[in-house]
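Asks: here is my input; please provide its structure:
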Amino acid sequence: MNRSKMLVFFIIVFTIYFLANFYIFMKGYRVVPETGNLRLIYTIIYIVIASAFIAGKFLERNHSSVLTDILNIIGGFWMAFMLYGFLMLFLSDITALVLKISGILPKNGLLLFRKWAFIVTVGVSLILILYGFINALIPVVKRYDIAIDKPAGEIKTFRIAAVSDIHLGSIIRKRSIRKLSKILKDINPDSVFLLGDIVDGEMGPVLRGDLLSYFACPKCKDGLLAITGNHEFIGGAATTIPYIEKHGIRILKDEVAIIDGNIQVIGRLDRDGSRFYNKQRLPLKDLIKQVDLSKPVILLDHQPFNLEETASAGVDLQLSGHTHNGQMWPLNYITGKIYELSYGYKKIGNTHFIVSSGFGIWGPRVRSGSRSEVLEINITFK
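Replies: Prediction:
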């Protein structure tokens with residue numbers, strides 16, 4: 001991404017972040033009593049918490065530490081509160097306006113209404129965040145059974161464990177990666193595919209704890225195959241990719257891998273490689289020329305775009321992630337509009353598509369609109 005586009009992007013993001021925070025701040029400021037220094041204390045606490053995420057990311061670029069981890073965690077939860085706080089307070093403003101126009105709400109009752117609207121917003125938001133936090137800590141195994149009408153030599157069945165969006169970093173750390181390793185061991189797959197965004201961004205928190213050293217898959221007889229996600233490029237591909245490969249994970253960079261001589265796996269570079277790293281990926285039609293379409297073809301592509309192109313190319317199964325299925329309600333409705341398949345299973349022609357909601361999270365460790373998951377895909381060949 002060139003500097004001018006990056007500057008515009010950050011200006012837009014910071015403007016939205018500031019305006020949302022200012023809106024919530026003023027709602028709270030109006031209901032805090034004027035007695036003593038309560039409003040001053042409220043202002044200081046609000047600014048500190050609201051600045052935590054930005055401060056954590058800024059400091060993390062220069063020196064990763066426990067302090068930056070704490071700031072990122074606090075800032076992440078605050079982002080979840082921003083979402084629910086803004087939505088509920090905005091809804092309360094609309095309600096107040098309707099009640100005022102209709103005459104139901106007297107003028108002297110407006111302040112009391114705003115006070116209780118703020119209190120209810122804080123309470124309900126905290127409950128939603130707590131539920132989402134607990135939900136994010138309990139990953140599930142999502143199973144799909146599919147049939148591919150092609151021969152794979154002597155192989156009649158093949159079990160895949162697929163994991164997208166681990167987001168190793170200041171929030172997803174060694175305890176989570178150990179839990180993932182245990183899940184993979186229980187699935188006992190023939191192969192494991194990592195579908196991008198293995199790391200969250202800045203490599204400081206990952207390198208500080210060498211987080212991938214805790215990743216183990218002792219029963220993955222065909223080893224590990226992976227692809228890049230957009231976050232591998234955000235964090236600097238020159239650092240993230242060698243680190244991942246150093247831990248025995250083969251990243252397919254517009255390459256084809258052959259499993260047991262018959263199962264062909266195409267791994268695509270993430271589409272955002274060109275935006276962040278000036279790295280253009282090969283067209284799918286060029287990659288398809290490298291495979292035998294009479295045998296099974298599996299495509300790993302981090303972002304689930306252009307499904308019709310994949311189906312027309314003769315691919316049998318595409319595995320993707322990236323969407324997090326919105327991660328927090330009601331954002332799943334937005335991702336559902338952006339992507340033809342934001343989550344789950346879809347079949348177009350003879351091509352199976354599966355999009356995972358991901359194992360990890362981005363930003364707040366909150367999942368109120370989706371589940372953290374690992375895919376178990378059992379394939380039966382002709």
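
Asks: show me the contacts for I263.
Replies: Contacts for I263 were tallied using CB atoms under 8 Å, 6 or more residues apart in numbering; they are 152, 155, 158, 295-296, 298. Just so you know, the C-beta spots here come from the backbone N, C-alpha and C atoms, and that holds for glycine as well.

Asks: biggest helix in this protein by residues?
Replies: helix 66-102 (DSSP state H).

Asks: A helix includes V124, no?
Replies: Yes: the assignment for V124, made by DSSP: H, G, I helix; E, B strand; the rest coil, places it in a helix.

Asks: helices along the stretch 201-350 of the chain, start to end?
Replies: For the stretch 201-350 of the chain, the helices defined by DSSP state H, counting those that start in this stretch cover 204-209, 230-234, 237-246, 273-277, 284-288, 307-313, 331-338.

Asks: any chance of those helices in CSV, with mean neighbour count and distance to D254 too?
Replies: Listed next are the helices of the stretch 201-350 of the chain as CSV, based on neighbours: other CB atoms under 10 Å; distance: least, CB to CB, whole Å:
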stretch, mean neighbour count, distance to D254
helix 204-209, 20, 24
helix 230-234, 24, 14
helix 237-246, 16, 13
helix 273-277, 18, 10
helix 284-288, 16, 6
helix 307-313, 17, 14
helix 331-338, 14, 24
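
Asks: between these, which gets the lowest average pLDDT?
Replies: Averaging pLDDT over each of the helices of the stretch 201-350 of the chain singles out helix 273-277 as the lowest, with a mean of 72.

Asks: and the gap between I127 and Y84?
Replies: When CB to CB, to the nearest Å is applied, the distance between I127 and Y84 equals 10 Å.

Asks: nearest to N108, of the contacts of I263?
Replies: Set against N108, the nearest of those by CB to CB is I298 (67.0 Å).

Asks: the closest one: what's it in contact with?
Replies: I298 makes contact with 160, 193, 263-266, 315-319 under the criterion CB under 8 Å, 6+ apart.

Asks: from these, which land in strands?
Replies: Among these, the residues falling in strands (DSSP state E) are 160, 193, 263-266, 317-319.

Asks: quick one on the thing from earlier: looking at I127 and Y84, which is more packed in?
Replies: Y84 (23 against 11; other CB atoms under 10 Å).

Asks: now do the contacts for the more buried one.
Replies: 121, 124-125, 128-129.

Asks: could you redo the last one with a cut-off of 7 Å?
Replies: The contact partners of Y84, taken as CB atoms under 7 Å, 6 or more residues apart in numbering, are 125, 128.

Asks: quick one: pLDDT of Q280?
Replies: We have a pLDDT of 83 for Q280.

Asks: poorly predicted segments of the stretch 251-382 of the chain, please.
Replies: Under the criterion of pLDDT under 70, the regions of the stretch 251-382 of the chain flagged as low confidence span 276-278.

Asks: let's have the helices of the stretch 201-350 of the chain in TSV, adding distance to F113.
Replies: Formatted as TSV, the entries for the helices of the stretch 201-350 of the chain read as follows, by distance: least, CB to CB, whole Å:
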stretch	distance to F113
helix 204-209	44
helix 230-234	43
helix 237-246	50
helix 273-277	46
helix 284-288	56
helix 307-313	48
helix 331-338	28
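
Asks: out of those helices, the one nearest L111 is which?
Replies: helix 331-338 (32.4 Å).

Asks: okay, the angle between the closest one and helix 66-102?
Replies: Angular relation of helix 331-338 and helix 66-102 on a 0 to 180 degree scale: 90 degrees, by axes from the mean of the first three to the mean of the last three CA atoms, to 10 degrees.

Asks: got the contact list for helix 331-338?
Replies: Helix 331-338 is touched from outside by 323, 325-326, 342, 369-370, with contacts defined as CB under 7 Å, 6+ apart.

Asks: which residues in the stretch 151-300 of the chain form strands?
Replies: Per DSSP state E, counting those that start in this stretch, the stretch 151-300 of the chain has strands spanning 157-163, 191-194, 224-226, 249-251, 255-259, 263-267, 297-300. These are given in chain order.
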